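Could you look at this predicted model? Sequence included:
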Amino acid sequence: MKKKISALFLSAALLLSPALAVGSEEKFPAVNAYPGYTDVKETDWFYDTAKLCYEIGIMTGTDRGFEPNKTLSGPECAALAARLREKLTGKPIPAPVPDPSLPWYQNYVDYLLEAAQESGSSLYGVIKWYDRALFEAPATRYDFLIFMALVADGNWDYFSEINHISYEDLPDVKDDNVVLQFYNWGILTGMDQYGTFAGNKTLTRAEAAAMAARMAKPELRKAFVPADYSPFAAAYLTPDTVMFDNGLTAKEFLITVNNAISAWEDALGEEFNWHLVWTDGKSVLDHVKGDSLSAMGVTEKQGTEAYKDFDVQVYYARLIDLTGETL
């Protein structure tokens, strides 16, 4: 379960000038010549960010290559976060202590702990350092973002808001200032066009490289406007919910239903009434249902349980409540 973070994180960032006060010094210069990974092709979507992360010395791959599809573990998150913070602050990571009883990542953990103690941040306490088995397991997307927040903590002049996203714009981010801030910095854009965060899912090394590259290079950050999620929230459905046995999903279904409602609203104006009987003896409600099915080329018998549970009147009432306007 996510732990609520103090609003101090957000408020501190909002007090900054919108301009990036990075000065003339390059925080992340190239320090390595990229040799190429056998498992990274130039046509891969993550090629540029994997290459950049190697060149600036924050990700160096494994003995098997870059392993783009391998899930990132907690220790790998700690190492990546420590390297990013080291370059931002100029404060070096201590050398590993030659003690075989200590894990390979102990110096990174200690480095981040010291940084959190210096700043008074509560972020360090969110991570489950105390349970070694749990910490060394694959990290979630939320875990990774907390590590990135430890990087940003106290380095506000390197980050500025390029987006204006609120909780209402995102399907699964509520009352978490840390996550929201990364959307507004353009470092996080979510898993789909709606900006779904999916905080409990794991992430791959390729996905981590993309976010780490945006942390390092302001010019790589993404301007992003989430697509409207209000129809799905009103319908208690997700975009990929299958509505009919031919595979048609809620994404197509709700667009068609909204078009049918809008057409009848235009035709009837202020006289729009679900129970108004049209000249053919059918109610407006029956027409909206029938028009939608016809437009999609399906029948009620093809409907899944999700379709059978869908109440168009309840849905539209909730949509109006959420958006404050009719179609």
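Yes, it's here. Predicted model, so just to flag it, every value in this text is computed and none were measured.

which one in this protein is furthest away from the centre?
Ranked by distance from the centre of the chain (C-alpha atoms, centre = their mean), the top residue is T279, with 49.2 Å.

Could you report the separation of it from H287?
11 Å (C-beta to C-beta, to the nearest Å). Every C-beta, even on glycine, is put in place using the N, C-alpha and C of the backbone.

Kindly report the same for S101.
Distance from S101 to H287, counting by C-beta to C-beta: 74 Å.

Same check on W156?
56 Å.

Map the structural domains onto the sequence of this structure.
8-220, 230-323 (automatic domain parsing).

Those domains: lowest mean pLDDT?
Least confident of the domains of the chain, judged by mean pLDDT, is domain 8-220 with a mean of 89.

what about that domain, distance to the chain center?
Its chain's C-alpha centre and that of domain 8-220 lie 13 Å apart, by C-alpha atoms, centre = their mean, to the nearest Å.

still on that earlier bit, of S101 and H287, which one has the most company?
H287 (18 against 6; other C-beta atoms under 10 Å).

helices and strands around the helix or strand harbouring that one, which ones?
Assigned by DSSP states H and E, H287 belongs to helix 284-296. Helix 284-296 sits against helix 250-268, helix 312-323, with contacts defined as 3 or more C-beta pairs under 8 Å, 6 or more residues apart in numbering; DSSP states H and E.

Tell me how far the first one lies from the chain's centre.
Chain-centre distance of helix 250-268: 29 Å, with C-alpha atoms, centre = their mean.

Now tell me what touches stretch 320-327 from outside.
S230, A233, A234, N258, I261, S262, E265, L319 (C-beta atoms under 8 Å, 6 or more residues apart in numbering).

follow-up on the earlier one: quick check: next helix or strand after the helix holding H287?
Heading C-terminal from helix 284-296 (DSSP H and E), you reach helix 305-308.

Can I get that following helix as PDB, trimmed to CA atoms?
Below are the C-alpha coordinates for helix 305-308, written out as PDB (Å, rounded to 0.1, in the frame of the first residue of the first chain):
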ATOM      1  CA  GLU A 305     -21.200  -9.300 -18.000                       C
ATOM      2  CA  ALA A 306     -19.700  -5.900 -18.100                       C
ATOM      3  CA  TYR A 307     -22.200  -4.900 -20.800                       C
ATOM      4  CA  LYS A 308     -25.100  -6.400 -18.900                       C
END
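
For that helix, buried residues please.
Neighbour-count burial for helix 305-308 flags A306, Y307 (criterion: 16 or more other C-beta atoms under 10 Å).

Next one: K251 relative to G186, how far apart?
25 Å.

sorry, that was for Y124
25 Å.

moving C-terminal of whichever strand or helix holds E118, what's the next helix or strand?
Element membership for E118, per DSSP H and E: helix 106-119. Once the chain leaves helix 106-119, the next helix or strand it forms, by DSSP H and E, is helix 132-135.

Only alpha carbons, please: show that next one as CSV.
The C-alpha trace of helix 132-135 is given here as CSV (Å, rounded to 0.1, in the frame of the first residue of the first chain):
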residue,chain,number,x,y,z
ARG,A,132,16.4,-7.5,2.8
ALA,A,133,14.4,-10.2,0.9
LEU,A,134,11.7,-7.7,0.1
PHE,A,135,14.1,-4.9,-0.7
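
Contacts made by it with the rest, please.
Residues outside helix 132-135 that contact it (C-beta under 8 Å, 6+ apart): G74, P75, P103, I127, K128, W129.
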